[in-house]
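Undergrad: Sequence first, then the predicted structure:
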Amino acid sequence: MSDPIRFTLDGAEVEAAPGQTIWQVADRQSVEIPHLCWLPKPGYRADGNCRTCMVEIEGERVLAASCVRKPTPGMKVQSASERAKFSRKLVFELLIGDQPDRAVAHDPNSRLWQWADRLEVSDSRFPRHVPPAPDRSHPAMAVQLDACIQCNLCVRACREVQVNDVIGMAARGYHEKIVFDFDDPMGNSTCVACGECVQACPTGALMPATMVDANGVYTNAPEREVDSVCPYCGVGCQLTYKIRDDRIVAVDGKDGPANHNRLCVKGRFGFDYAHHPDRLTEPLIRKDGVSKHDTDIDPANPYTHFCKATWDEALDLAAAGLARIRDRDGRRALAGFGSAKGSNEEAYIFQKLVRTGFGSNNVDHCTRLCHASSVAALMEGIGSGAVTAPFTAAEDADVIIVIGARPTENHPVAATFFKQAAKRGAKIFVIDPRGHTLVRHATATLRFNPGRDVAVLNALLHTIIEEGLYDRQYVQAHTEDFEKLREHIRDYSPEKMAPICGVDGATLRYVARTYARAEAAIIFWGMGISQHVHGTDNARCLIALSLITGQVGRPGTGLHPLRGQNNVQGASDAGLIPMFYPDYQSVEGAEVRAKFEALWQTPLDNKRGLTVVEIMDAVHRDEIKGMYIMGENPAMSDPDVEHAREALAKLEHLVVQDIFLTETAKYADVVLPASAWPEKDGTVSNTNRQVQMGRAALPLPGNARLDWWIIQEIARRIGLDWSYTHPRDVFAEMKLAMPSLDNITWERLEREDSVTYPCDAADQPGNEIVFGDGFPTASGRGRLVPAAIIPPAEEPDAEYPMVLTTGRQLEHWHTGAMTRRASVLDEIEPEAVASLAPAELRRLGVAAGEQIRVTTRRGTIELKARSDSAVAPGQVFIPFCYAEAAANVLTNPQLDPFGKIPEYKFCAAKVEPVLMPAAAE
């Protein structure tokens, strides 16, 4: 490292590290220098164009911008000389001369006005130019360029931090201005509404639409702020709620380890669902004689089918029905679905309730529907179901493989790290049957034939092994069964696989060689890998790629299945799965079971329980007769949902705990109104293994209650002696059950907000990169498991000639229960669509926006067609968040034999135009 640079600041000798600016040193010394175009936040560089941070340097004729000027040895700097102060005041007077009057300012508390107050600049001698017209075309953001000072922060926010390249500068001189794309209205541009520009803007030129009235005047000034964590995807962005009158009026990103202040459209603008009039606020009991098959219920008025009840009435009835079935039909006649959208503490006590109160291991949650096959392969191969490195490790990678994932839509903040890596020169390989935005940043894109993942991956393995590109020392020291893999892979040359997977052999060899030869390479995958009948085999191949090349356990390397929901990692860690106790300890292991029997003071079932789809099948077989569902929506999320809905209707007793009358809650006997994420305290664990603290920011609406309290009241009523008083009590018990939480305490999380597991000591940060010296397997080695090509469970044919795949949209989340009640998100994407290639629409004779009918062997839905060149001809993509056109009516419930995950990503379908009746003359 270079020696520090010594110079004089305001008469005192100070030191600057190499690369530091005068402003940064002054800030460290608590010397205040104004700044507007410099945002001292992660990802931002100084630009030096606003000229508010000028300082005087001895011997120099002109003042220097301290945010970009770097000190030299012996330099003498005056931060507040008379020349510097005069210059700053003049600059602020010029800037304020072009601002709206403060009384009608878009943000009278902006950084511009705060600095003006400190410099005692309140008005200007200079005439104001004609202000540009406001742009209110975007539902989330107000564009008011009459307050713009052209500091370029929004340009850097968009181009360099989020890497979306929507905002730029146009024209010159007096006519220079900020533009979106080709000077389009913001609402008509390619803006993805991440809101980074809004958070960066120092003047109020860009504002959340909720913070200004129709005339652009500041309103809804926050009264208080609360730090928490985003409740949507597995990225785990930290954020700050801005609250007025007990309503969230805006959200800012916080500098958490996963997001560094960044958010996406959901995390920034998707929170008014908590205030939606559909919120459940009173316990409900199904009216006598109302059939469960009658689900035509308005969620805003459930009283056509349910009646209000007191909490005692609802809890007594809910618990009595569950206890009756348990005592009459046996412990395996009940099942529970917990939630990946709640806290770790809720997940832990829910699975404990099922195991100790119901008496079986019939407990599961949505991990079964997203990454169960990934976890199965990881447990088998490396002895751990979590990621080996965070997605921020992309910063240190030379090569990044993204396969079966659309991070720009499903994990947008994680995607910023991938895009930034590409800008600095890392090679990105996107491997997916469907194109997406990340392709613009990719070195190569492998658009393979759907369902042929193993053919692609085995071709890569073949190249690496047959060409001797594998890491011999690493393979010898840290893996087992390499010779079995070598023998198996001989038949899978790229040239032989090319006709099967649709990618030419030369491209396959190029990707394999580049990955194997990289100094540091990392693999990210999503549900395009896991949601297949061969999902476990797909993940086995990815694990083998990483292990044979030694691309694991070092900075910039690793295996990372991008987790879907905000706490799917934590809920799995906490034991909300049928074959494992907390921390993935097998329910079939006698010693493990004895440990939990001692901790929970009750005998436990020695057989693994049923998974999500298996539970629905067991209902149809009259084996499961009662269920308790907390925060899950299987009537929308299960494959072949008509089958699932019939099962829910068939149940003798169904208790549903949720914040809305979801499609599942419509089948309930008892509905318990629960807490939304901003209303509760609790921890969550993101895809990076970061355990993070969520904090209550809002009061509960009406007579709703906290989820942990509801679970405990049910537990007490079925015979369990529980006495938790706060989620911290549950966390303390979790630490007794989960070695992964060693050195992580509730108090530490309150203080630090986030700690990564595993953590070696109470005063040490957690380990982001793991398995540098072996794996937590019986042998200490990673296991290489060969995978053969297994076709999808259902192939296209003459009757169903197309391939249907399903997934998420950027603006909507999971089954849409929250996001479709978030006004901005639903305005951006208000209706169900099916995406097809333009050529496919022409073949069908359908124009974009017209109705089409999509049919599989399980059902039919109708929705609007969308033209999308990212979808290949012969394919159709449908988001699964629209209840009016539920994609899972169509999907195939066939399971991967290892992970027991359904094949959401592939089934045979046919698409037809819907002929609208001719208008009456």
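TA: In hand now; what should we look at?
Undergrad: From now on I want contacts and neighbour counts done on CA atoms only, so please keep to that.
TA: Will do.
Undergrad: In this structure residue 697 contacts residue 226, no?
TA: Yes - with contacts counted by CA atoms under 8 Å, residue 697 reaches residue 226, the gap being 5.8 Å.
Undergrad: So between those two, which is more surrounded?
TA: Shown here are residue 697 and residue 226; by other CA atoms under 10 Å, residue 697 has more neighbours (23 against 17).
Undergrad: Check what pLDDT that one gets.
TA: With respect to pLDDT, residue 697 has a value of 97.
Undergrad: repeat for the one 4 residues further on
TA: Among the per-residue scores, residue 701 shows a pLDDT of 97.
Undergrad: hmm, back to that, shared neighbours of residue 697 and residue 226, anything?
TA: Common neighbours of residue 697 and residue 226 (criterion: CA atoms under 8 Å, 6 or more residues apart in numbering): 241, 243.
Undergrad: For the closest residue to residue 140 other than its chain neighbours, the count of nearby residues, please.
TA: Leaving aside its chain neighbours, residue 140 sits nearest to residue 209 (5.3 Å; criterion: CA to CA, 6 or more residues apart in numbering). Residues contacting residue 209 under the criterion other CA under 10 Å number 22.
Undergrad: Is residue 155 in contact with residue 167, as I believe?
TA: Yes - at 5.3 Å, residue 155 counts as touching residue 167 under the criterion of CA under 8 Å.
Undergrad: Provide the contact partners of the longest helix anywhere in the chain at residue level.
TA: Longest helix in the chain by number of residues, with DSSP state H as the criterion: helix 311-329. With contact meaning CA under 8 Å, 6+ apart, helix 311-329 is reached by 283-285, 332-334, 358, 625-627, 653-655, 669-672, 713-715, 717-718.
Undergrad: likewise stretch 829-843?
TA: In contact with stretch 829-843 (CA under 8 Å, 6+ apart) are residues 811-812, 820, 847-848, 863-879, 882, 884-885.
Undergrad: Please pick the buried ones from those.
TA: Buried members of the contacts of stretch 829-843, counted by 16 or more other CA atoms under 10 Å: 811-812, 820, 847-848, 863-879, 882, 885.
Undergrad: What secondary structure category should be reported for the residue of the chain positioned farthest from its centre?
TA: Each residue of the chain has a distance to the centre, and by CA atoms, centre = their mean the biggest one is for residue 59: 53.2 Å. Three-state call for residue 59 (DSSP: H, G, I helix; E, B strand; the rest coil): coil.
Undergrad: All the helices of the stretch 751-900 of the chain, residue numbers only.
TA: Secondary structure of the stretch 751-900 of the chain (DSSP state H, counting those that start in this stretch): helices at 823-828, 838-844.
Undergrad: what do you get for the stretch 501-650 of the chain?
TA: 505-517, 527-530, 535-548, 568-573, 590-600, 612-620, 634-637, 641-650.
Undergrad: buried set for the fourth one?
TA: For helix 568-573, burial by neighbour count (16+ other CA under 10 Å) applies to 568-573.
Undergrad: go on, the first one?
TA: Buried positions in helix 505-517, judged by neighbour count with 16+ other CA under 10 Å: 505, 507-509, 511-517.
Undergrad: And the fifth one, by the same measure?
TA: Neighbour-count burial for helix 590-600 flags 593-594, 596 (criterion: 16+ other CA under 10 Å).
Undergrad: Who are the packing partners of it?
TA: In this structure, helix 590-600 packs against strand 585-586, with contacts taken as 3 or more CA pairs under 8 Å, 6 or more residues apart in numbering; DSSP states H and E.
Undergrad: Could you give the separation of the strand it packs on from the chain centroid?
TA: Relative to its parent chain, strand 585-586 has a centroid offset of 27 Å by CA atoms, centre = their mean, to the nearest Å.
Undergrad: now for that strand, which elements pack on it?
TA: Short answer (3+ CA pairs under 8 Å, 6+ apart): strand 585-586 packs on helix 590-600.
Undergrad: which residues touch residue 559?
TA: Shown in contact with residue 559 (CA under 8 Å, 6+ apart): 387-389, 522-524, 542-543, 546, 552.
Undergrad: Closest one to residue 789 out of those, please.
TA: Each of the contacts of residue 559 was scored against residue 789 by CA to CA, and residue 542 proved nearest at 14.3 Å.
Undergrad: follow-up on the earlier one: tell me which entries of the buried ones among the contacts of stretch 829-843 lie within strands.
TA: If you go by DSSP state E, the buried ones among the contacts of stretch 829-843 have 863-867, 875-879 in strands.
Undergrad: pLDDT and distance to residue 895 added to those, as JSON lines?
TA: Shown next, in JSON lines, are these (pLDDT from 0 to 100; distance: CA to CA, whole Å):
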{"residue": "863", "pLDDT": "96", "distance to residue 895": "27"}
{"residue": "864", "pLDDT": "97", "distance to residue 895": "30"}
{"residue": "865", "pLDDT": "97", "distance to residue 895": "29"}
{"residue": "866", "pLDDT": "97", "distance to residue 895": "30"}
{"residue": "867", "pLDDT": "97", "distance to residue 895": "31"}
{"residue": "875", "pLDDT": "96", "distance to residue 895": "21"}
{"residue": "876", "pLDDT": "97", "distance to residue 895": "21"}
{"residue": "877", "pLDDT": "96", "distance to residue 895": "20"}
{"residue": "878", "pLDDT": "95", "distance to residue 895": "20"}
{"residue": "879", "pLDDT": "93", "distance to residue 895": "20"}
